[in-house]
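Asks: sequence and predicted structure are below.
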Amino acid sequence: MPSRTTCQIDKLDLDAKIAAQKIAIADIERKLWADGLNMTLLETYQAAFRELEQLIATKGNDDRHSFVIVIPVADRPQHLTACLDSLLVLCKAFGYGGSSSGKYQKISVVIADDTRDPDNIARNQEIVRHFNQQGIATRYFGLSEQLALVDTLTATEKTSLSRVLGSAPRNAFSHKGQAIMRNIAYLKLSTMRGHDERLLFYTIDSDQEFKVKVSTAEGDRDVYAVNFFCQLNEIFTRTDTLILTGKVVGDPPVSPAVMAGNFLQDVNSFLREMAASGLQRSCQHHQASAHKEGEASYHDMADLFGFKPASEAYAYCCPLSGDHTDGDCFAHFASRLNSFFYGEHPTRVSYYLHAELFQSIQPARTVYTGNYIFRPEGLKYFIPFAPLRLRMSGPTLGRLIKSEIKERFVSANLPMLHKRTVEGSGQSEFRPGVSSEAHVIELCDEFERQFYGDVMLFSIECFTAMGFPQTCMSAAVIAETLEVVRADMQQKYNAKHQLIVEKLGQLKSLLHDQANWWNQTDLYAAAVKNFETFSANIAHNFGEDSPCYDQINSTENWEKWRSKLLEAVNCYPADSKTWSETLATPRAA
């Protein structure tokens with residue numbers, strides 16, 4: 001009996017210490033962000049969490065959530081390595097769930113590999129082995145494993161789920177696209193869920209990292225300042241949230257197809273400032289202010305999503321250090337211009353702004369497919385219309401989820417760092433819909449998928465307002481809505497096209513004005529050439545004779561897309577029912 005009393009006292013003592021440690025962490029967090037990020041407190045903040053983990057481990061019976069992180073990847077071994085490196089550093093910094101025998105107890109990873117290049121497949125498999133050795137349980141879900149899983153479906157199920165899992169031939173099963181790859185991965189996750197009610201699935205993109213970008217007086221910093229797993233555990237423990245989405249900071253999560261107008265505005269403003277500065281003046285481009293990551297200021301049509309469009313140009317924040325002139329900044333900016341076509345937006349970077357976690361929770365309507373978390377029952381919400389490979393699949397999925405679970409679908413201030421390009425290269429390792437040859441970058445495939453992705457998104461928004469998918473809709477209503485939304489989107493895209501053409505003309509005039517100092521010396525010939533290459537690629541993709549706009553204005557092309565969209569929407573309720581039935585069928589892990 002005395003020993004039981006002693007155990008009870010020890011438990012109460014540990015409970016009190018854990019509660020006190022949580023209060024201490026909250027106090028450090030307030031000081032950490034009191035006036036921007038206080039870098040001197042960051043290690044103290046991380047260490048306080050590690051101490052909390054030691055107390056929880058001493059108490060035993062850790063019933064917090066475990067996480068399975070799902071990462072689809074296609075020919076991006078460098079991105080994948082950086083992503084998993086950041087996860088490892090995060091685990092070491094905060095220690096969520098503790099470790100035993102060199103393994104982190106509550107964190108595991110599934111690499112859903114859609115890679116085509118054999119060398120990259122081998123590299124990805126080696127990456128998996130490496131991080132297993134580093135203590136993160138990492139499972140490789142490659143092409144052969146995917147085919148084996150699909151083979152467990154009956155012929156009827158395969159046919160019925162072709163609009164969910166696709167129908168890629170066995171000898172060409174790679175590069176299926178992120179939507180199909182995610183759906184196949186979710187079928188895999190359904191075999192792993194068991195009866196663990198404290199399991200969460202966390203799906204991210206390979207070009208993201210478990211950091212946040214902050215703007216400081218010393219420049220931009222990418223830091224491990226958010227304990228993602230601890231924060232998510234708190235939300236899913238204290239609320240009945242079914243699906244939670246974060247966002248991203250760093251590079252925008254949208255296509256260059258909807259950023260060209262704003263970026264041209266910023267480039268022209270930069271050239272005007274440079275023209276007025278004089279060549280020898282010390283660089284004046286270190287005062288750009290941070291903007292909230294939720295403003296969608298990078299998007300040419302931000303008003304479509306309820307945001308006020310930015311009316312003024314954004315200044316370029318020069319990253320160069322040490323003594324340098326405006327001329328040095330001019331050359332550096334010029335070297336970054338073509339990264340825009342791979343998804344960067346050098347003038348409209350998004351930054352993390354700290355907010356108290358539970359105050360940041362709000363109803364959601366958009367899923368960021370590269371950063372969302374759900375309970376196992378959330379597997380029923382597959383990525384819709386996957387074989388069409390439309391962009392905006394996350395916002396479209398979000399509208400469908402919201403229509404069914406309403407307040408159980410939320411967003412929170414837990415953004416991940418997004419890096420479109422590989423460090424130092426200015427290019428993506430692989431980006432579907434973007435091709436380049438001899439400095440010519442072709443975006444027409446991505447542009448087309450962006451346009452029809454917008455048509456589908458805003459059509460779904462109309463349908464859900466009518467009760468879809470719970471309420472059946474006639475093919476006539478679906479077809480009429482698609483026609484109306486397509487015409488509206490076409491008008492908006494064409495209006496932006498005219499503005500882009502005008503801004504492109506301004507760029508060429510500014511760039512080639514012989515009165516400007518960069519045209520009066522050979523020192524900046526390379527920089528001017530970079531501007532000209534950028535201008536030529538803008539003209540090719542968005543100029544007066546753009547084949548991209550020809551595609552979305554083609555009546556014949558619309559007829560092809562119209563039938564695809566109509567079938568996809570009309571079949572969605574049946575596809576959803578079949579998917580739920582398939583998930584309910586036991587199959588081997």
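Replies: Structure received.
Asks: may I ask which helix or strand of the chain has the lowest mean pLDDT?
Replies: Every helix and strand of the chain was ranked by mean pLDDT, DSSP states H and E. The lowest is strand 435-437, at a mean of 58.
Asks: which strands or helices does the next helix or strand after that strand pack on?
Replies: Sequence-wise, the next helix or strand downstream of strand 435-437 (DSSP states H and E) is strand 440-442. Here strand 440-442 touches strand 435-437, helix 525-542, going by 3 or more Cβ pairs under 8 Å, 6 or more residues apart in numbering; DSSP states H and E. Heads up, the C-betas are built off the backbone N, CA and C, glycines and all.
Asks: distance check, residue 228 against residue 212.
Replies: Distance, residue 228 to residue 212, by Cβ to Cβ, to the nearest Å: 10 Å.
Asks: and stretch 343-356, end to end?
Replies: One end of stretch 343-356 to the other measures 30 Å (Cα to Cα, to the nearest Å).
Asks: what about it, average pLDDT?
Replies: Taken as a whole, stretch 343-356 carries a mean pLDDT of 90.
Asks: so which of residue 228 and residue 212 has more stuff around it?
Replies: residue 212 (27 against 24; other Cβ atoms under 10 Å).
Asks: sorry, back to before: overlap of the contact sets of residue 228 and residue 212?
Replies: residue 416 (Cβ atoms under 8 Å, 6 or more residues apart in numbering).
Asks: show me the shaky parts of this protein.
Replies: Scanning the chain with the threshold set as pLDDT under 70 gives 1-12, 195, 280, 288-295, 309-310, 423-438, 589.
Asks: how's it carved up into domains?
Replies: Following automatic domain parsing, one gets these domains for the chain: 1-58, 256-286+312-344+428-577.
Asks: what's the helix or strand for the residue nearest to residue 241 when sequence neighbours are not counted?
Replies: Leaving out its chain neighbours, the residue that sits closest to residue 241 by Cβ to Cβ, 6 or more residues apart in numbering is residue 410, at 5.4 Å. Here residue 410, judged by DSSP H and E, is contained in strand 409-411.
Asks: can you list the strands that the next helix or strand after that strand pairs with?
Replies: The element immediately downstream of strand 409-411 (helix or strand, assigned by DSSP H and E) is strand 416-418. Paired neighbours of strand 416-418 in the sheet (DSSP bridges): strand 208-209 (antiparallel), strand 248-250 (parallel).
Asks: of all those, which one comes closest to residue 220?
Replies: strand 248-250 (9.1 Å; Cβ to Cβ).
Asks: show me which residues of the next helix or strand after the closest one are buried.
Replies: As assigned by DSSP H and E, the chain's next helix or strand after strand 248-250 is helix 260-277. For helix 260-277, burial by neighbour count (16 or more other Cβ atoms under 10 Å) applies to 260-271, 273-274, 277.
Asks: swap in stretch 17-29?
Replies: Those would be 21-22, 25, 28-29, for stretch 17-29 by 16+ other Cβ under 10 Å.
Asks: out of those residues, who's nearest residue 286?
Replies: Nearest member of these to residue 286, counting by Cβ to Cβ, is residue 29, at 28.8 Å.
Asks: burial measure for the residue nearest to that closest one when sequence neighbours are not counted, as a count.
Replies: Nearest non-adjacent residue to residue 29, counting by Cβ to Cβ, 6+ apart: residue 45, 6.5 Å away. By the measure other Cβ under 10 Å, the count of residues near residue 45 is 20.
Asks: pretty sure residue 45 is in a strand, no?
Replies: No: the assignment for residue 45, made by DSSP: H, G, I helix; E, B strand; the rest coil, is helix rather than a strand.
Asks: quick one: residues contacting residue 521.
Replies: Residue 521 neighbours (Cβ under 8 Å, 6+ apart): residue 279.
Asks: for it, give me phi and psi.
Replies: phi -150, psi 150 (degrees, to the nearest 10).
Asks: partners of residue 208 in the sheet?
Replies: Those that pair with residue 208 in a beta bridge, by DSSP bridges, are residue 418.
Asks: surely it touches residue 417?
Replies: Yes: Residue 208 is within contact range of residue 417, at 6.3 Å (criterion: Cβ atoms under 8 Å).
Asks: so between these two, which is more surrounded?
Replies: residue 208 (26 against 23).
Asks: for residue 415, see how far away that one is.
Replies: 9 Å.
Asks: overlap of the contact sets of the two?
Replies: By Cβ under 8 Å, 6+ apart, the residues touching both residue 208 and residue 415 are 248, 371.
Asks: got the contact list for the residue nearest to residue 241?
Replies: Shown in contact with residue 410 (Cβ under 8 Å, 6+ apart): 235, 239, 241, 243-245, 361-364.
Asks: most neighbours among those, please name it.
Replies: In the contacts of residue 410, the most neighbours by other Cβ under 10 Å go to residue 244, 26 neighbours.
Asks: can you name the residues bridging to the residue lying closest to that residue once chain neighbours are set aside?
Replies: Excluding the flanking residues, the one nearest residue 244 by Cβ to Cβ, 6+ apart is residue 373, at 4.9 Å. Bridge pairing for residue 373 (DSSP bridges) gives the partners residue 202, residue 244.
Asks: how much space between residue 373 and residue 238?
Replies: Per Cβ to Cβ, residue 373 is found 15 Å from residue 238.
Asks: all helices for the stretch 301-450 of the chain, in order.
Replies: 326-336, 357-360, 393-405, 444-465 (DSSP state H, counting those that start in this stretch).
Asks: mind putting those helices into TSV with mean neighbour count and distance to residue 177?
Replies: Formatted as TSV, the helices of the stretch 301-450 of the chain follow (neighbours: other Cβ atoms under 10 Å; distance: least, Cβ to Cβ, whole Å):
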stretch	mean neighbour count	distance to residue 177
helix 326-336	20	28
helix 357-360	14	32
helix 393-405	22	9
helix 444-465	22	10
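Asks: nearest to residue 307, of the ones you listed?
Replies: Here helix 393-405 is closest among these (Cβ to Cβ), at 13.2 Å.
Asks: which residues touch that closest one?
Replies: 178-179, 242-243, 245, 363-370, 372, 381, 383-386, 390, 409, 453, 456-457, 460-461, 464, 467-470.
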